[in-house]
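Asker: Mind looking at a prediction? Sequence and model below.
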4 protein chains.
Amino acid sequence: MTDTLASPGVAATVARLREQVCALHAELVRYGLVVWTAGNVSARVPGHDLMVIKPSGVSYDDLTPQTMVLCDLHGTPVEGDLTPSSDTAAHAHVYRTMPGVGGVVHTHSTYASAWAARAEPIPCVLTAMSDEFGGDIPIGPFSLIGDESIGRGVVETLAGSRSPAVIMQNHGVFTIGADARAAVKAAVMCEDVARTVHLARQLGDTVPIPQAEIDSLWDRYQNVYGQR
Amino acid sequence: MTDTLASPGVAATVARLREQVCALHAELVRYGLVVWTAGNVSARVPGHDLMVIKPSGVSYDDLTPQTMVLCDLHGTPVEGDLTPSSDTAAHAHVYRTMPGVGGVVHTHSTYASAWAARAEPIPCVLTAMSDEFGGDIPIGPFSLIGDESIGRGVVETLAGSRSPAVIMQNHGVFTIGADARAAVKAAVMCEDVARTVHLARQLGDTVPIPQAEIDSLWDRYQNVYGQR
Amino acid sequence: MTDTLASPGVAATVARLREQVCALHAELVRYGLVVWTAGNVSARVPGHDLMVIKPSGVSYDDLTPQTMVLCDLHGTPVEGDLTPSSDTAAHAHVYRTMPGVGGVVHTHSTYASAWAARAEPIPCVLTAMSDEFGGDIPIGPFSLIGDESIGRGVVETLAGSRSPAVIMQNHGVFTIGADARAAVKAAVMCEDVARTVHLARQLGDTVPIPQAEIDSLWDRYQNVYGQR
Amino acid sequence: MTDTLASPGVAATVARLREQVCALHAELVRYGLVVWTAGNVSARVPGHDLMVIKPSGVSYDDLTPQTMVLCDLHGTPVEGDLTPSSDTAAHAHVYRTMPGVGGVVHTHSTYASAWAARAEPIPCVLTAMSDEFGGDIPIGPFSLIGDESIGRGVVETLAGSRSPAVIMQNHGVFTIGADARAAVKAAVMCEDVARTVHLARQLGDTVPIPQAEIDSLWDRYQNVYGQR
C-alpha cells in the first residue's frame, strides 16, 4: 500500500478526491440533508482498492481536504490519524461488491427518514422521480451500525432496482453513483421527492404514472438530458 | 437569422435578456423553488422569433449570462454550444401560441408538485390568491417531457383561466407573464399559496371566498396595486 | 402639514422612523413571513397625525429609508412620489382608533394564513403563547382590501382580546405594538405559535392550559421578562 | 464570591465560558431552534458554584461574551448589570442536583414543542434516536415559569431515562450535557428526531426498534463513535 501511495499519479488523484469529497459534504449542508455531524460522502480511488471518506463525529465546519480519511476497501485507514466514519464498513462493502460505483452517500435526511421509520417505499408519482430513480425508491432491511450488515442490505436492495437510492428501515438513505457527485445528486433528489410525495399523500390519493411512461421518462433522462 | 443577430439593437436586447434571465434563475434558488439543476426561466426577445433559456442540466451556481441559450421559437439554438433546457419545446410552443407572453417559468416546487401528484387544482381561499391568480390554479394534463405535448397542455389549460400558473399532473408548475420577471413572480406566489392552502386543508375545511369578492380583489390588484 | 414637517424635531423623528421601519421590513424577510412584495410595517410619528409605511408593490431588496412613505392618518401621502401600501387605510384606521398603538404589521405568513383560510382561532396551548398573546389568537372578519373595512375588523377583534395579533379570515395577520418593533415581534411570535400548534394538532388533541395559569404566565411576561 | 472571582484561574475560565456560551447561542439560531429572544444556553463553571447564562429578553444579534450573565447556583447574578434569563432558576436547580451536568439548553423548537402541546413522548423508531437518546424522549410535567418548578420537573423526568432531553408539557425542550456543547447537540438532535418521527406518524404506523437493538446502538454510539 505504501508503494501505491508513493506513486505520483495516485497521490494526485487522492489529493483531488480529498478536495472533491470535502466540498461535496458542504452540499449536504446546503440542501439541509444533515445536522451536526451525521451523514457522510465517500469516493472510490479509481483503479485502486482505496476510498476517501468523512472522519467520524467531526463537525461539517471543521472538515478540510486533509481531514478526509483514506481507507482500503475493508475500511482500514491507510493514511493519517483520524478515525473514519462509523459507516465506513458499509461504504467499503458497496465498493467491493459493485465495481461500477464510484461514490456513496449516507444521510438521515428528514422526509426520506420518515418513510424509513414506516419501512415504506416511495411510490413513483412524479416525472422527476421517473427521471432520476426510474421507479419507486425501495426499502432496505433494518441493520445495526458499524459492520457490513448495512452494506449488504444496500447492495441486495439496489440489485433489484434502477434506483440509485435505498431507504434503510428505521435509519436513513444510502445512495450510489458513478462518482461522488452523482451520489450526492441522488441524495438531494431522494429527499426532494420524499418530501413532495409525503405532502401529496397527506391530502389524498396520488395518481400513478403508467410503467411505460416511467420507462420512457427514465430512458430520456439517462440519454438526452444535460450537456453532451 | 444571422442578419437579425448582427443588428446592434437586437444584440443589445439579447445581451440584456441574458443578464435578466440569468439573474432570475437566482430568484428560483432564493425562494427554494428548485433543487440541483431542475427548473428553468425563459424570456422572449420582443419583436423577434427568438427566446433566451437556461442550458440543460447545468448547476445554478454555474449559470452566467453567456451560458443562457438563444433559441428560435421552435427550440433550435441559434448561438453558442450549449444544449438548451429539455423543456425548451414547451416554452417555445407557449411563445408561438400566446403572443402576449414575454416570459415562461418551469419548476418542480414542492407544494405545487404535491397538488400535481394528486392532479388536484388549488382552490381560491386566500385574498393573495384572488389577487394574483383570480381564482383556482388549474391542473393541466399528464405529458411526456421533451416535445411539444407539455406546451400544448399548458396553453390549453391557461386558455380557460385567469391564472398565470398551471400545475401539470404528476410533474410541476408552468407560469407565464408579460415578461420573465412576472412569470417568476407567479411561480413564487404559486408555491406560496400551494403551501398555505395545503396546510389549511390538513386540519379541516377551508372557507370559500364568494366569486364576486374574488373578482373585486383581482380587479383591484391588476389595476391599483403597486407604483404607477 | 408643511409647517409641521418643517420643524427640525419632527423632521428628525421622521428620519429616524424611516430608518427603523425600513430595517424592520428586513426582519419580516429574515423570519420568512413574506414573499416577493407582500407584507408591510408602519410606525406612527408620536404626537403627530402621521405615519411611515412601506410603498406599494416594491421589492424588499429595493427598500431604503427614503422609499418609505410618510402619510397622514387618513392614508394620504404628505411627502415624496411613491404610492403607499394598499393596506395603508387599514393601518391608518388602527392609529386613529387606538391611541396606544405605535406600530402595525401585516403579513400573509404561511401557518397563520392557513388558520385564516379555515377562519379558526389558534388555541392557547403553549406557554410561549400565554406569554405573548395572553390567550387564543382571535379571527377577524373577511373584508375586501383597499379601504377601511380591514382596519375596522382589526380594531373590533382586538378590542375583545389581550392578543396583539389578529388573523383575518381568508387573508393573513395584522399585529399591533407600542412601537413598530413590538408589532414585528408579535408577527414573528404569531407565525411561530401558529406553526407549532398546527403541527401539534396534526397528530391528535392538544392539552389545554388552565386559564389561571395563562393569566399567571401573561402577567409575569408583561412585568418581569427582559431587562428593566 | 468576590475572592473566588479575583482568582486568575477562575477569571480565565469564566472568560472562556462567556465566549463559548455566546457562540453556542448562534448554533441555536443556525439550526432554527429559536425565534426572537426565546431560548437559552448555560454552562457550569467547573469546580465552583457558578454558571454562565443568556441575559433575559436580549436579541441573539446583540449577544456578546460580556452580555452573558454570571450567576451563582441559586440564580443570583454575581457580576454585571444584566438580568439573567427567566429560566435561570431552572438551570440552577439542574446544576445543584445533577453534579455531572456541565451544560443546559432550553428551546421552544417547533416540532418538539408540538409533541409538548400533546404531552406525548417521542417513540424511539430511528437509529439516530437510539444513538443519542437511548430510547424514547420523555415528557416532563407542566410548570409555571420563573421559579424552580421547571428545574424539579426536568431533573425528576431525566432521572428515569437515558435521554439527555426532556420535553416539558405545553412548553418546550430542556437538554443537558457534560458541557454546554453537548447540551446544544442534544437540543439539535431532539428537534431533528421530533420532526422526522412527526412526519413518519402523519402517514401511518412506525416500525418499532426492538429494545435489544436500541441498547446495542446506544452502547456503540457512547463508546465507539467519533474521534478518541
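Answerer: Structure's in. What do you need? Residues are numbered from 1 along each chain as shown, chains lettered A, B, ... in the order given.
Asker: Could you show which parts of chain A are in contact with chain B?
Answerer: A:31, A:125-128, A:131, A:185, A:188-189, A:192, A:195-197, A:199-200, A:202-207, A:209, A:213, A:216-217, A:220, A:224-228 (C-beta under 8 Å from any C-beta of the partner chain). No exception for glycine: its C-beta is placed from N, CA and C like everyone else's.
Asker: give the contact list for A:H171.
Answerer: A:H171 is in contact with A:H108, A:S113, A:A116, A:F142, A:S143, A:I145, A:I150, D:L126, D:T127, D:A128, counting by C-beta atoms under 8 Å, 6 or more residues apart in numbering or on different chains.
Asker: Do you know the pLDDT at the first one?
Answerer: Here the pLDDT value assigned to A:H108 is 98.
Asker: Pretty sure it sits against D:T196.
Answerer: Yes. A:H108 is within contact range of D:T196, at 7.4 Å (criterion: C-beta atoms under 8 Å).
Asker: Contacts (any at all) between chain D and the strand or helix carrying A:L28?
Answerer: If you go by DSSP states H and E, A:L28 is part of helix A:8-30. No. Residues of helix A:8-30 are not located near chain D by C-beta under 8 Å from any C-beta, the shortest gap being 10.3 Å.
Asker: how far out from the middle of the chain is stretch A:73-93?
Answerer: 16 Å (C-alpha atoms, centre = their mean, to the nearest Å).
Asker: Can you measure across that stretch, start residue to end residue?
Answerer: Taking C-alpha to C-alpha, to the nearest Å, stretch A:73-93 runs 7 Å from one end to the other.
Asker: Residue ranges in chain A under the pLDDT threshold?
Answerer: A:1-2 (pLDDT under 70).
Asker: what's near enough to touch the residue of it found nearest chain C?
Answerer: Closest residue of chain A to chain C, C-beta to the nearest C-beta: A:Q202 (8.8 Å). Residues near A:Q202 by C-beta under 8 Å, 6+ apart: B:A114, B:H198, B:Q202, D:Q202, D:L203.
Asker: can you list those in TSV and add secondary structure?
Answerer: TSV is the format used below for the contacts of A:Q202 (DSSP: H, G, I helix; E, B strand; the rest coil):
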residue	secondary structure
B:A114	helix
B:H198	helix
B:Q202	helix
D:Q202	helix
D:L203	coil
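Asker: Dump those into TSV; add distance to A:A43 as well.
Answerer: What follows is the contacts of A:Q202, written out as TSV (distance: C-beta to C-beta, whole Å):
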residue	distance to A:A43
B:A114	34
B:H198	38
B:Q202	41
D:Q202	36
D:L203	35
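Asker: Distance of the one residue in chain A that gets nearest to chain D relative to A:K185?
Answerer: As assessed by C-beta to the nearest C-beta, chain D sits closest to A:G57 within chain A, at 2.8 Å. Using C-beta to C-beta, to the nearest Å, one gets 26 Å for the distance from A:G57 to A:K185.
Asker: These two - which one has more neighbours?
Answerer: Neighbours were counted for A:G57 and for A:K185 using other C-beta atoms under 10 Å in any protein chain shown; A:K185 has more, 23 against 18.
Asker: Next, the angle from the strand or helix carrying that one to helix C:180-202.
Answerer: Assigned by DSSP H and E, A:K185 belongs to helix A:180-202. Interaxial angle, helix A:180-202 versus helix C:180-202 (axes from the mean of the first three to the mean of the last three C-alpha atoms, to 10 degrees): 80 degrees.
Asker: which residues touch whichever helix or strand comes after helix A:180-202?
Answerer: Once the chain leaves helix A:180-202, the next helix or strand it forms, by DSSP H and E, is helix A:211-223. Applying C-beta under 8 Å, 6+ apart, the external contacts of helix A:211-223 come out as A:124, A:127, A:130-132, A:134-135, A:162, A:209, B:86, B:142, B:144-146.
Asker: Now with 6 Å, please.
Answerer: Here helix A:211-223 makes contact (C-beta atoms under 6 Å, 6 or more residues apart in numbering or on different chains) with A:C124, A:T127, A:S130, A:D131, A:G134, A:G135, B:L144, B:G146.
Asker: chain center to that helix, what's the gap?
Answerer: Remark: helix A:211-223 is offset 22 Å from the chain centroid, using C-alpha atoms, centre = their mean.
Asker: ditto for stretch A:159-171
Answerer: With C-alpha atoms, centre = their mean, you get 10 Å for stretch A:159-171.
Asker: so how far is the first residue of it from its last?
Answerer: This stretch, stretch A:159-171, spans 20 Å end to end (C-alpha to C-alpha).
Asker: what does stretch A:136-145 give?
Answerer: End-to-end distance for stretch A:136-145, by C-alpha to C-alpha: 25 Å.
Asker: Which positions within it qualify as buried?
Answerer: Across stretch A:136-145, burial judged by 16 or more other C-beta atoms under 10 Å in any protein chain shown covers A:D136, A:I137, A:P138, A:I139, A:G140, A:P141, A:F142, A:S143, A:I145.
Asker: Surely the second one is in contact with A:S163?
Answerer: Which is A:I137. Yes. The criterion here is C-beta atoms under 6 Å, and A:I137 meets it with A:S163 at 5.2 Å.
Asker: returning to that earlier point: for D:L199, see how far away the residue of chain A closest to chain C is.
Answerer: Counting by C-beta to C-beta, the separation of A:Q202 from D:L199 is 10 Å.
Asker: and what of A:A23?
Answerer: 29 Å.
Asker: Now that A:L158 has come up, it's in contact with A:I167, right?
Answerer: No. With contact defined as C-beta under 6 Å, A:L158 does not reach A:I167; the gap is 11.2 Å.
Asker: Specify which residue of these two has the higher count of neighbours.
Answerer: A:I167 (28 against 22).
Asker: any idea how far the more buried one is from A:H108?
Answerer: Here A:I167 is placed at a distance of 11 Å from A:H108 (C-beta to C-beta).
Asker: Return the residues in contact with the closest residue to A:T157 other than its chain neighbours.
Answerer: Leaving aside its sequence neighbours, A:T157 sits nearest to A:G140 (C-beta to C-beta, 6 or more residues apart in numbering or on different chains; 3.9 Å). A:G140 makes contact with A:G153, A:V154, A:T157, A:V166, A:M168 under the criterion C-beta under 6 Å, 6+ apart.
Asker: if we can go back for a sec, measure how the helix holding A:K185 sits relative to helix A:8-30, angle-wise.
Answerer: 20 degrees.
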